[in-house]
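In: Need a 3D model of the following:
(one chain, ligands or ions: 1)
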Amino acid sequence: MRKKIVAGNWKMNTTPAEGVELLKGIAAQMSEVPQGVTMVVAPPFTHLSMVAEAAKGTGIHVSAQNCAAEAKGAYTGEVSAQMIASLGVEYVILGHSERRQYYGETSETLNKKMVQAYANNLIPIYCVGEKLEEREAGKHFDVVRSQVEEVVFNLTPEQFAKLVIAYEPVWAIGTGKTATSDQAQEIHAFIRGVLAEKFGAAAQDTVIQYGGSANPGNAAELFSKPDVDGGLIGGASLKAGDFIAVAQGFKA
Ligand code: PGA
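Out: Prediction:
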């Protein structure tokens, strides 16, 4: 059985105090999360350590939203994978479409970030997904294939075994426009097929999350699909009750 992972990407939201409150709110409702669903939160760097500390003993796992492409040194403003891992943080989101779009992250950068993440035992949540015009032009399979091949295919089988993938169509992120569950299933199965070309049967165990306006109202339908193994949740992860309700999509 594949793992199920629901991760909350807080993006550039919450102050440290609000972040700790949010974590506590989620922790208070963890007993309502269906068995076997791993819960992860990804706060901003400013309060990663505080949230990681508050998460101890709650069963909630913590992720960074990014890490530096280099190990250490004169890179003003950057945060290394080693710094992140030293806080007891277990995951790092890499290649989110907002990083690709606004901060020019390319496959070359992301390959370096992957190296840093694995060198420090962080589990990457590697994001892929097409833009609206790419889907409209029928290019979404090609785009996603390239994003997978150019980065994931460079991993060793041991590294690949730990990887989490998040499929997030850019047109669905923060827009209230979710992919239909059939659209999600179609491309998740496609991604798994591409992974299998390189890694064989191990691709059956890869967690592939859906992201893009997932919320308590549509999570059950999305998670009912065989290749949708969880969600990367933005807006709906900022309220503890909504985030828990999304995870409950696995029960329905
Ligand atoms: P959203 O964001 O749920 O607010 O659409 C998802 C994401 O970007 O990870």
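In: drop to CA atoms for contacts and neighbour counts, all remaining ones
Out: Noted.
In: residues from the stretch 101-250 of the chain in reach of the ligand?
Out: Residues of the stretch 101-250 of the chain lying close to the ligand (CA under 6 Å from any ligand atom) are 172-174, 211-214, 232-235.
In: Return the members of these classed as buried.
Out: Among these, the ones that count as buried by 16 or more other CA atoms under 10 Å are 172-174, 211-214, 232-235.
In: low pLDDT regions in the stretch 151-252 of the chain?
Out: Across the stretch 151-252 of the chain, the ranges flagged by pLDDT under 70 are 252.
In: mind listing the helices in it by residue range?
Out: All helices of the stretch 151-252 of the chain, identified by DSSP state H, counting those that start in this stretch, fall at 157-160, 181-199, 219-223, 240-247.
In: Switch the ones you listed over to CSV; also include mean neighbour count.
Out: Putting those into CSV (neighbours: other CA atoms under 10 Å) gives the following:
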stretch, mean neighbour count
helix 157-160, 14
helix 181-199, 18
helix 219-223, 22
helix 240-247, 22
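In: Including distance to residue 24, could those helices go into TSV?
Out: Listed next are these as TSV, based on distance: least, CA to CA, whole Å:
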stretch	distance to residue 24
helix 157-160	32
helix 181-199	31
helix 219-223	23
helix 240-247	9
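In: Just tell me which of the ones you listed ends up closest to residue 135.
Out: Judged by CA to CA, the one of those that comes nearest to residue 135 is helix 181-199, at 10.9 Å.
In: Give the other helices and strands that that closest one contacts.
Out: helix 140-151, helix 219-223 (3 or more CA pairs under 8 Å, 6 or more residues apart in numbering; DSSP states H and E).
In: which residues are in contact with it?
Out: 141, 144-145, 148, 153, 157, 160, 167, 202-204, 206, 208, 210, 221-222, 225-228 (CA atoms under 8 Å, 6 or more residues apart in numbering).
In: Residue 50: what's its closest spatial neighbour, skipping adjacent residues?
Out: residue 20 (6.9 Å; CA to CA, 6 or more residues apart in numbering).
In: and the gap between that neighbour and residue 182?
Out: For residue 20, the distance to residue 182 equals 36 Å [CA to CA, to the nearest Å].
In: for residue 238, same thing?
Out: Separation of residue 238 from residue 182 (CA to CA) stands at 26 Å.
In: Right, and the ligand sits closest to which residue of the stretch 1-150 of the chain?
Out: Closest residue of the stretch 1-150 of the chain to the ligand, CA to the nearest ligand atom: residue 9 (5.5 Å).
In: Quick one: neighbours of that residue, just the number.
Out: Neighbours of residue 9 under the rule other CA atoms under 10 Å: 25.
In: With the one 4 residues further on instead?
Out: The local packing count at residue 13 equals 14, with neighbours defined by other CA under 10 Å.
In: That one reaches residue 42, doesn't it?
Out: No: between residue 13 and residue 42 there is no contact under CA atoms under 8 Å: 10.5 Å.
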